[in-house]
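**Student:** Provide a 3D model corresponding to the input given below.
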Amino acid sequence: RHIIVMSSTSAVGLVSIFLVDLLDMWFISLLGDSRLVAAIGFATTLTFFATSISIGTSIAAGALVSKCLGSKDRELAKEYATNALIVASIVSVLCVIITLLSMDTLLGLLGAKGYVAQVAKTYLIIVMPASVLLAVGLGASAVLRATGDAKGSMMSTLSGGAVNAVLDPILIFSLGLGVTGAATASVFARFAVFSYAISRAHFKHRLLARPSVASFKLCRRPILNIALPAMITNMATPFSNAYVTSAIAAYGNSYVAGYAVIGRLVPVCFGFLFSLSGAIGPILGQNFGAGMWDRLERALKDSLVIIVIFSFTMSVVLWLGQEPVISLFRLDSQAADIVRLFCTFLAITFIFNGMLFVSNASFNNLGSPRLASALNVGKATIGTVPFVILGSKYWGAGGVLIGQAAGSILFGVLAYCVAGKKITQLRNRHTGKTQRIKKGSIR
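**Tutor:** Model prediction:
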């Protein structure tokens, strides 16, 4: 029950943002030019990198704050919360600068050309600077989850979704700004997430301290020890998506447009699994800090049950709703084919993505972030590139997605098995240490 409540409340806010992104895509598709849909697909592949890095720093904030709260050290929790947000802003600024300076090269590597590349650049120039606001907002939202304030975390992301939903039709159609209007609405949405999360973390929970150089030096290493591996872990997913996008681009912009729609459908339909990995982290962190090993094992097992039931249900929904989706986005035959393939056969494989998500959250909150990095990087490389090459060779554009799904199955099972073994090792180590202490006391 605790896992479902934390995950579902977080999912409401998270899915609201992804739903607005899907509406963005729908509004752009109504303009009647599939090249614009493809351009948004290329641009969001790059913005996904920035968001994934921000999620990495937010993981550090949630892990450290939840562990401190679990061990009743509120002052240290405040120091970690504040300095984690500072680290998030610094890392995000660097990411934005690198992306903007290398846009032409990055879009070229993805396969964007001519008019499509130019539209994607316009979108990126507007949206990317606001990634700094989103990075800090996501970090503050993780702090809220660490306190158990699922409602506050939900409302921070929900506010962003609401702002985006209101501004999209006004800017895209009423003012006739098209893609520029969609990008501008996203900027205001990121500011809303930032404002709400920061104010709630500070005024309601009093978990933000006054920044100081001494405090930053003290907290920097523990934060980076979790944040850097977590960032590498999270960057593996957009890297994998970027490779898949470039592989599909070889078959034409129509397939890219179809994949772009899939890219927006997935987080809306499976956003609960994303929020599950975010919600399970603080639960594991607090119980780890309190030494409650039975609850750690129970949380991992219950997560798997939830993942299987949810993924199966959502796969049935997608299978039944694939034709309305194709009609809604006015997809041509090639784009429609790739959407049908995903909705009919591949959506169910998100069970294994969910297993990987939860396992990574376990590693990040149980003192083994490098394990998460190794598995995610492995999935993005060994679990993606050779599978995509083979799939593309035998089944064309659809084979690219088939290969990506096959790699997800392999690494999802592997990650979950390693996570279970990790918790057992921690339990045995703690039990052995306790027994040695008791023997020493008796002597």
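**Student:** who does the lengthiest helix in the chain touch, helix- and strand-wise?
**Tutor:** Ranked by residue count under DSSP state H, the longest helix found in the chain is helix 385-442. On a contact count with 3 or more CB pairs under 8 Å, 6 or more residues apart in numbering; DSSP states H and E, helix 385-442 meets helix 213-249, helix 253-290, helix 293-328, helix 333-341, helix 350-365, helix 369-380. For glycine as for every other residue, the C-beta is placed from the backbone atoms N, C-alpha and C.
**Student:** state the next helix or strand along the chain beyond the lowest-mean-pLDDT helix or strand in the chain.
**Tutor:** None of the helices or strands of the chain scores lower by mean pLDDT, DSSP states H and E than helix 2-29, at a mean of 72. Later in the chain than helix 2-29, the nearest helix or strand by DSSP states H and E is helix 34-70.
**Student:** returning to that earlier point: the longest helix of the chain to helix 253-290, inter-axis angle?
**Tutor:** 0 degrees (axes from the mean of the first three to the mean of the last three CA atoms, to 10 degrees).
**Student:** what's the angle from helix 385-442 to helix 213-249?
**Tutor:** Using the same axes, to 10 degrees: helix 385-442 against helix 213-249 is 150 degrees.
**Student:** and the average pLDDT for helix 385-442 is what?
**Tutor:** For helix 385-442, mean pLDDT rounds to 84.
**Student:** repeat for stretch 182-193
**Tutor:** On average, stretch 182-193 scores 91.
**Student:** quick check: Leu228 vs Ser102, distance?
**Tutor:** Leu228 sits at a distance of 21 Å from Ser102 (criterion: CB to CB, to the nearest Å).
**Student:** which one's more surrounded, these two?
**Tutor:** Taking other CB atoms under 10 Å, Leu228 and Ser102 do not tie; Leu228 has more neighbours (18 against 13).
**Student:** so who does the more buried one touch?
**Tutor:** 56, 369 (CB atoms under 8 Å, 6 or more residues apart in numbering).
**Student:** give me the pLDDT for it.
**Tutor:** Predicted confidence (pLDDT) at Leu228: the value is 85.
**Student:** next one: Ile40
**Tutor:** Reported pLDDT for Ile40: 88.
**Student:** I figured it hits Tyr123, correct?
**Tutor:** Yes: counting by CB atoms under 8 Å, Ile40 touches Tyr123, with 6.6 Å between them.
**Student:** now the common contact residues for these two.
**Tutor:** 179, 182.
**Student:** what about the two, which has more around it?
**Tutor:** For Ile40 versus Tyr123, neighbours defined as other CB under 10 Å are more numerous around Ile40 (28 against 23).
**Student:** for Leu331, see how far away that one is.
**Tutor:** 14 Å.
**Student:** ok, now Lys421?
**Tutor:** For Lys421, the distance to Leu331 - CB to CB - is 44 Å.
**Student:** what about those two, which has more around it?
**Tutor:** Leu331 (22 against 10).
**Student:** contacting residues around Asp337?
**Tutor:** Taking CB under 8 Å, 6+ apart as the test, what Asp337 contacts is 258, 397-398.
**Student:** show the pLDDT at it.
**Tutor:** If you check Asp337, the pLDDT there is 94.
**Student:** hang on, the earlier thing: need the winner for burial among the helices and strands packed on helix 385-442.
**Tutor:** Most buried of these by mean neighbour count (mean count of other CB atoms under 10 Å) is helix 350-365; its value is a mean of 26.
**Student:** so what does that helix touch, helix or strand wise?
**Tutor:** helix 34-70, helix 213-249, helix 253-290, helix 293-328, helix 369-380, helix 385-442.
**Student:** and the angle from the last one to helix 350-365?
**Tutor:** Regarding helix 385-442 and helix 350-365, their directions subtend 40 degrees when assessed with the same axes, to 10 degrees.
**Student:** cool, the first one as well?
**Tutor:** With the same axes, to 10 degrees defining the directions, helix 34-70 sits at 40 degrees from helix 350-365.
**Student:** so which bits of the following helix or strand past helix 34-70 are buried?
**Tutor:** The element immediately downstream of helix 34-70 (helix or strand, assigned by DSSP H and E) is helix 74-101. Within helix 74-101, the residues scored as buried using 16 or more other CB atoms under 10 Å are 76-89, 91-92, 95-96, 99.
**Student:** which strands and helices lie in contact with helix 74-101?
**Tutor:** Partner elements for helix 74-101 (3+ CB pairs under 8 Å, 6+ apart): helix 34-70, helix 114-127, helix 131-146, helix 213-249.
**Student:** so what touches the helix or strand following it?
**Tutor:** Moving toward the C-terminus from helix 74-101, the next helix or strand (DSSP H and E) is helix 103-110. Residues outside helix 103-110 that contact it (CB under 8 Å, 6+ apart): 42, 45-46, 99, 117, 120-121, 124-125, 242, 245-246, 249.
**Student:** one more pass at 6 Å, please.
**Tutor:** 42, 46, 117, 120-121, 124, 245-246 (CB atoms under 6 Å, 6 or more residues apart in numbering).
**Student:** among these, who's most crowded?
**Tutor:** Phe42 (28 neighbours).
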